[in-house]
Structures are given as structure tokens and as C-alpha cells.
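Trainee: this one's sequence-less:
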């Protein structure tokens, strides 16, 4: 698939029922958040990120290509806690329940005293320990700055509903992105130190922390840290009327961030092709 083609747009062309649902939601005639999330948004995320994984091709990356992906992906992890804290402040007066959910995520990402340290600290230290790879202080490429700009504008929005939708996109892709990143770091480990998976002990802990349903860091019964974040935010879109959220605005925020993240990945794919 050409990386010049929007994967989201291609999905909507191939799935006209989702294109119609999005159109109806934006025009206010579809107000059922459960239908929107479960029948349309979740399948779209799954399909788009399966395509992104295929385009990245983690198992075929050179050390230089893998290092580029790892460095660029580390930047969002560096700032995500700050984004969550700002999003919390932006929605607090309008929807305290949404603010509570975002703040819970902030504490997990940013490191709650007496619990798991800040996730970026864990990740950057694990890269140093297992792979001797330094990402702290990495200056982001233009495409990563683009993604950061979109998130900064989203979390400072005057529309709480758009923040809810934007952060649902951010968290909705988190499991897929973490799985891709794990494959990339495994590939980097294989080509540099001859190790991957559980042999990279600290990285393995970091990935299991995010993805395993029974990990000690999982605080919502039966769900991994990332799965709990996804479902926690999806709840507000599914029950948008209960929380007085505007579903059209939430969908706008969702599409702005999802398409921004897709574009970020596609630009990184193009950048990787220029690296030996």
C-alpha cells in the first residue's frame, strides 16, 4: 500500500457504513455513542494499525531504522503525562468525571508515589540497561513535532467533548502501538546484542506492565493498564448524553488525532526508507 494514501480515508471508502455513521454523527443525526465506538471506531483503529504494522515491517528493520523508530516513539512517552494533566485541567469544570479518569491516567503515566515509577523513566532506563540505547534528550524530528503540536492543541481545547474524543484516539491506539514498539525493540535487540523478548528483562517488564491483564500494575479488574485506559475513555463516548458531551465534537477530536497519528507513522515509514 502506498504511504501517500490516508489509511483512514481508505478504510472509510472500503467501509461505507462507517463513512455514513461518521457523517450522521457529525451532522447530529446519530447520537448513539455505543454504536459509534463499537461498530465503527474500534474496527477502524484495528484495521489501520494492522496496516501500519505491515508498512513498518519490524522484523526486517536495520539497526539504524529501528533506532530511529524507538527514538521518535519515545518522545510522546516523555510528554504524555503532561498532556494528561493539562487535559484534566481543561475539562475539570465541565465534566469532573472525565477529569477524574484523565487524572487517574496521569498518575499511572507520571508515576504515583509508592507505586510504579513514571512510565517514561522506566522505558528510557530499560533501553539503557538492556540495549545501551540513550533516548533521553533526543530532539524530535519534524513529523514528531507535528504530532506533539496536535496533542498540545487538543489538550488545551475549549471543547471538553473534543478532548474526550481526542484522548480516546490516543489511548485507543495504545495497545497496537505498544505491540509494534515491542517488535521494533526486539528486532533492535536481535541485530545489536542478539537478544529479544524476555531476555531483555527490563524492557520485557515495561511491555508486560502495559499489556498484561494480570500484571501487578493493573488497577482495573481483568484489564491491562492500556486496556483500562481505552475502556475508561470509551465509556464517556458511549455514554455521551449522560455526561453531557457533544458526540459530534468528540468525533471531531477523535478524527483529528487518529489521522494525525496515522500521518506520523506514515512519515516515519518514509524516513526509515532513507536510513541504511
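Mentor: Looks like it came in fine. These numbers come from a predicted model, not from an experiment.

Trainee: what does the stretch of helix or strand residue 25 belongs to contact?
Mentor: In this assignment (DSSP states H and E), residue 25 forms part of helix 16-26. Contact with helix 16-26 is made by 11-13, 30-31, 35-36, 39-40, 43-44, 247-248, 251-252, 255, as judged by CB atoms under 8 Å, 6 or more residues apart in numbering. To be clear about C-beta, it is placed using only N, CA and C from the backbone, and glycine gets the same treatment.

Trainee: what's the neighbour count on residue 137?
Mentor: By the criterion of other CB atoms under 10 Å, residue 137 has 7 neighbours.

Trainee: got it, and the one 4 residues further on?
Mentor: The burial count assigned to residue 141 is 16, neighbours taken as other CB under 10 Å.

Trainee: same check on residue 205?
Mentor: Residues within reach of residue 205, counting by other CB under 10 Å, total 17.

Trainee: from residue 127, how far off is it?
Mentor: Applying CB to CB, to the nearest Å, the value for residue 205 to residue 127 is 12 Å.

Trainee: check residue 240 too.
Mentor: When residue 240 is compared with residue 127 (using CB to CB), they lie 39 Å apart.

Trainee: what residues of the helix ranked longest in the chain count as buried?
Mentor: In the chain, assigned by DSSP state H, the helix with the most residues is helix 63-91. Taking 16 or more other CB atoms under 10 Å as the neighbour-count basis, helix 63-91 is seen to contain the buried residues 63, 65-78, 80-81, 83-88, 90-91.

Trainee: next: stretch 229-243.
Mentor: 229, 230, 232, 233, 234, 235, 236, 237, 238, 240, 243.

Trainee: likewise for stretch 244-251?
Mentor: When neighbours are counted by 16+ other CB under 10 Å, the buried residues of stretch 244-251 are found to be 245, 246, 247, 248, 249, 250, 251.

Trainee: same check on stretch 100-115?
Mentor: 101, 102, 103, 104, 105, 106, 107, 108, 109, 110, 111.

Trainee: helices of the stretch 101-250 of the chain, start to end?
Mentor: For the stretch 101-250 of the chain, applying DSSP state H, counting those that start in this stretch gives helices covering 119-131, 142-155, 160-172, 174-192, 201-211, 225-238, 247-273.

Trainee: the third one to helix 225-238, inter-axis angle?
Mentor: Read that as helix 160-172. Comparing the axes of helix 160-172 and helix 225-238 via axes from the mean of the first three to the mean of the last three CA atoms, to 10 degrees yields an angle of 150 degrees.

Trainee: what's the model's confidence in helix 160-172, averaged?
Mentor: Averaged over helix 160-172, pLDDT sits at 96.

Trainee: with stretch 241-249 instead?
Mentor: Computed over stretch 241-249, the average pLDDT equals 97.

Trainee: and that stretch, how far out from the chain middle?
Mentor: Averaged C-alpha coordinates place stretch 241-249 at 22 Å from its chain's average position (CA atoms, centre = their mean, to the nearest Å).

Trainee: and that stretch, how far apart are its ends?
Mentor: End-to-end distance of stretch 241-249: 13 Å, with CA to CA, to the nearest Å as the criterion.

Trainee: count of neighbours near the spatially closest residue to residue 162 that is not a sequence neighbour?
Mentor: If you skip the residues right next to it in sequence, residue 162 has residue 253 as its closest partner in space, 3.5 Å away by CB to CB, 6 or more residues apart in numbering. For residue 253, the number of neighbouring residues by other CB under 10 Å comes to 24.

Trainee: pLDDT averaged over stretch 49-63 - what is it?
Mentor: Stretch 49-63 shows a mean pLDDT of 98.
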